[in-house]
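1. Okay, structure incoming, though there's no sequence with it:
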């Protein structure tokens with residue numbers, strides 16, 4: 001089998017691990033890393049060592065394309081830069097895998113969709129949550145009609161004080177970079193809903209506030225490492241205690257001024273940390289969603305309410321008590337008849353990130369002959385619909401209005417359902 005020659009664009013945490021070291025370790029017979037691109041040369045060198053590669057380093061995609069023959073580009077740069085890189089690669093005749101979110105704004109979505117259609121090349125969006133074993137099982141139950149027609153969904157995501165705070169330390173804390181967590185983080189969750197329900201969001205309304213981080217903080221400093229309040233701050237991050245992050249970010253910060261331990265109380269942070277959303281889908285399913293970013297727990301709760309019953313999951317990722325290495329899906333029927341009134345379906349966790357979702361996604365993309373029975377492989381339309389839902393939620397929270405997806409991007413509403421591949 002001929003290996004796919006790929007260039008890694010962006011050497012932050014995700015690029016270095018998921019699409020660098022881990023990809024080569026598990027899929028080396030399918031891929032060959034032939035180039036690394038990052039505007040920060042020292043970070044790229046550190047990442048290359050961690051990955052275990054000798055691929056040449058470039059500081060921009062054009063210089064790389066001038067010297068290398070690549071079949072695939074994997075984009076792991078900050079969200080607002082995705083569209084330029086994706087379009088440049090497509091126009092060079094190269095397929096693309098982009099980290100989520102696909103991009104951050106309507107005009108950027110249009111650029112990517114137009115370039116993919118014009119060039120005939122393919123973009124995969126890395127929605128690894130679709131591949132997690134528990135998510136796949138829920139999709140199977142919904143497809144089988146176990147609870148009849150779904151009428152509403154309760155979906156609530158919890159980020160703990162370590163993970164949640166991390167978004168406010170970094171570039172994500174500014175809307176112009178990430179589109180806010182309605183786009184950067186919730187793109188996963190909106191995509192799951194689109195995929196589970198096999199429908200497109202139609203109308204969105206939301207409330208959101210900054211209630212804990214940013215200007216709401218009791219004090220602030222230039223960064224954790226130099227902060228006079230380090231001894232009293234609940235969110236103090238000792239970068240030196242994490243050799244991986246320290247190596248990848250501390251010395252390289254001298255080149256680009258990007259500090260991995262930015263103050264979570266910076267006064268110019270402009271994204272909300274507390275978010276609630278209502279979504280009406282085209283198939284008339286109503287969704288209640290929330291995202292909380294400073295909880296003592298990590299994980300999510302989701303429940304599907306149908307005409308014949310209910311599917312419910314409470315997935316624990318981190319919490320101050322012990323939980324088994326498995327998930328339990330609760331299936332409750334309104335009219336049991338010849339089936340049990342209650343079924344507890346246990347799904348063991350699998351090895352690899354996102355309970356095995358990362359590995360399953362890489363298998364689907366790189367191993368030939370993989371059957372996609374559940375429509376897990378996501379293309380540009382899926383990427384677009386999840387971003388549009390996030391944009392609509394942010395817009396609604398700032399205007400107080402209900403936002404229609406068709407008003408944001410009229411041309412996309414006539415397409416296929418969100419989980420289908422573009423092209």
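-> Received, thanks. All values derive from a computational prediction rather than experimental measurement. Numbering: from 1, shown residues only.
2. Domain map for this protein?
-> 4-126, 129-213+270-349+378-417, 218-254 (the TED database).
3. Same list (the ones you listed) but as JSON lines, adding distance to residue 357.
-> C-beta here means a position set from N, CA and C on the backbone, and glycine is covered the same way. JSON lines is the format used below for those (distance: least, C-beta to C-beta, whole Å):
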{"stretch": "domain 4-126", "distance to residue 357": "10"}
{"stretch": "domain 129-213+270-349+378-417", "distance to residue 357": "4"}
{"stretch": "domain 218-254", "distance to residue 357": "22"}
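4. Need the ones you listed in CSV (columns: mean neighbour count).
-> Listed next are the domains of the chain as CSV, based on neighbours: other C-beta atoms under 10 Å:
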stretch, mean neighbour count
domain 4-126, 20
domain 129-213+270-349+378-417, 19
domain 218-254, 15
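5. which one of these lies closest to residue 369?
-> Among those, domain 4-126 comes nearest to residue 369, with 12.0 Å by C-beta to C-beta.
6. Model confidence for residue 416, exactly?
-> Predicted confidence (pLDDT) for residue 416: 48.
7. Repeat that for the one 3 residues further on.
-> Predicted confidence (pLDDT) at residue 419: the value is 39.
8. my read: residue 95 touches residue 75, true?
-> No: if you go by C-beta atoms under 8 Å, residue 95 and residue 75 don't touch, sitting 11.4 Å apart.
9. list residues touching both of those two?
-> residue 89 (C-beta atoms under 8 Å, 6 or more residues apart in numbering).
10. Give the residue spans of the stretch 301-423 of the chain that score low on pLDDT.
-> Where the stretch 301-423 of the chain drops to pLDDT under 70, the residues are 414-423.
11. Please repeat the previous calculation with a cut-off of 50.
-> When residues are selected by pLDDT under 50, those of the stretch 301-423 of the chain lie in 416-423.
12. Could I get the full set of helices for it?
-> For the stretch 301-423 of the chain, the helices defined by DSSP state H, counting those that start in this stretch cover 357-366, 380-399, 405-408.
13. Would you format those helices as JSON lines with distance to residue 172 included?
-> Converted to JSON lines, the helices of the stretch 301-423 of the chain look like this (distance: least, C-beta to C-beta, whole Å):
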{"stretch": "helix 357-366", "distance to residue 172": "20"}
{"stretch": "helix 380-399", "distance to residue 172": "13"}
{"stretch": "helix 405-408", "distance to residue 172": "22"}
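14. all strands for the stretch 201-350 of the chain, in order.
-> Ranges of strands within the stretch 201-350 of the chain are 201-209, 274-281, 286-295, 298-306, 309-318, 326-333, 342-348, based on DSSP state E, counting those that start in this stretch.
15. What of the stretch 51-200 of the chain?
-> 57-58, 72-75, 95-98, 123-125, 150-160.
16. could you dump the ones you listed to CSV with mean pLDDT and distance to residue 217?
-> Listed next are those as CSV, based on pLDDT from 0 to 100; distance: least, C-beta to C-beta, whole Å:
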stretch, mean pLDDT, distance to residue 217
strand 57-58, 98, 38
strand 72-75, 98, 33
strand 95-98, 98, 33
strand 123-125, 98, 34
strand 150-160, 98, 17
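17. Need these in CSV (columns: distance to residue 2).
-> CSV is the format used below for the strands of the stretch 51-200 of the chain (distance: least, C-beta to C-beta, whole Å):
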stretch, distance to residue 2
strand 57-58, 24
strand 72-75, 12
strand 95-98, 14
strand 123-125, 19
strand 150-160, 40
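18. where's residue 42 relative to residue 248, distance?
-> From residue 42 over to residue 248 the distance is 10 Å, taken as C-beta to C-beta, to the nearest Å.
19. Let me fix that, I meant to ask about residue 285.
-> The value you get for residue 285 to residue 248, if C-beta to C-beta is used, is 42 Å.
20. Need the contact partners of stretch 309-322.
-> 134, 138, 141-142, 146-148, 160, 162-163, 296-304, 323, 327-334.
21. Off-centre distance for that stretch?
-> 20 Å (C-alpha atoms, centre = their mean, to the nearest Å).
22. and what of stretch 110-127?
-> Worked out by C-alpha atoms, centre = their mean, stretch 110-127 lies 18 Å from the chain centre.
23. Please name the bridge partners of residue 6.
-> With DSSP bridges as the criterion, residue 6 is bridged to residue 33, residue 72.
24. contacting residues for it?
-> 31, 32, 33, 34, 70, 71, 72, 73, 74.
25. Quick one: residues contacting the second one.
-> It stands for residue 32. 3, 4, 5, 6.
26. just the fourth one next, same as before
-> The neighbours of residue 34, taking C-beta under 8 Å, 6+ apart as the test, are 5, 6, 7, 55, 56, 68, 69, 70.
27. mind running it again at 7 Å?
-> For residue 34, the contact set (C-beta atoms under 7 Å, 6 or more residues apart in numbering) comprises 5, 6, 7, 55, 68, 70.
28. could I get those residues as JSON lines with distance to residue 237 and pLDDT?
-> Below are those laid out as JSON lines (distance: C-beta to C-beta, whole Å; pLDDT from 0 to 100):
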{"residue": "5", "distance to residue 237": "37", "pLDDT": "98"}
{"residue": "6", "distance to residue 237": "32", "pLDDT": "98"}
{"residue": "7", "distance to residue 237": "31", "pLDDT": "98"}
{"residue": "55", "distance to residue 237": "31", "pLDDT": "98"}
{"residue": "68", "distance to residue 237": "37", "pLDDT": "97"}
{"residue": "70", "distance to residue 237": "36", "pLDDT": "97"}
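29. Let me know the closest of the residues you listed to residue 244.
-> residue 55 (19.7 Å).
30. Hmm, the closest one is touching residue 38, no?
-> No: with contact defined as C-beta atoms under 7 Å, residue 55 does not reach residue 38; the gap is 11.7 Å.
31. Not counting its neighbours along the chain, what's nearest residue 306?
-> Nearest non-adjacent residue to residue 306, counting by C-beta to C-beta, 6 or more residues apart in numbering: residue 147, 3.2 Å away.
32. quick revisit: and of the helices of the stretch 301-423 of the chain, who's closest to residue 91?
-> Closest among these, using C-beta to C-beta: helix 380-399, at 14.9 Å.
33. ok now that closest one, how far from the chain's centre?
-> Using C-alpha atoms, centre = their mean, the offset of helix 380-399 from its chain centre is 14 Å.
34. What of stretch 230-248?
-> The chain centre lies 24 Å from the centre of stretch 230-248; the measure is C-alpha atoms, centre = their mean.
35. quick one: average pLDDT of it?
-> 97.
36. who touches that stretch?
-> 16, 43, 46-47, 165, 169, 224-225, 227, 250, 260-261, 264.
37. Appreciated, that's everything.
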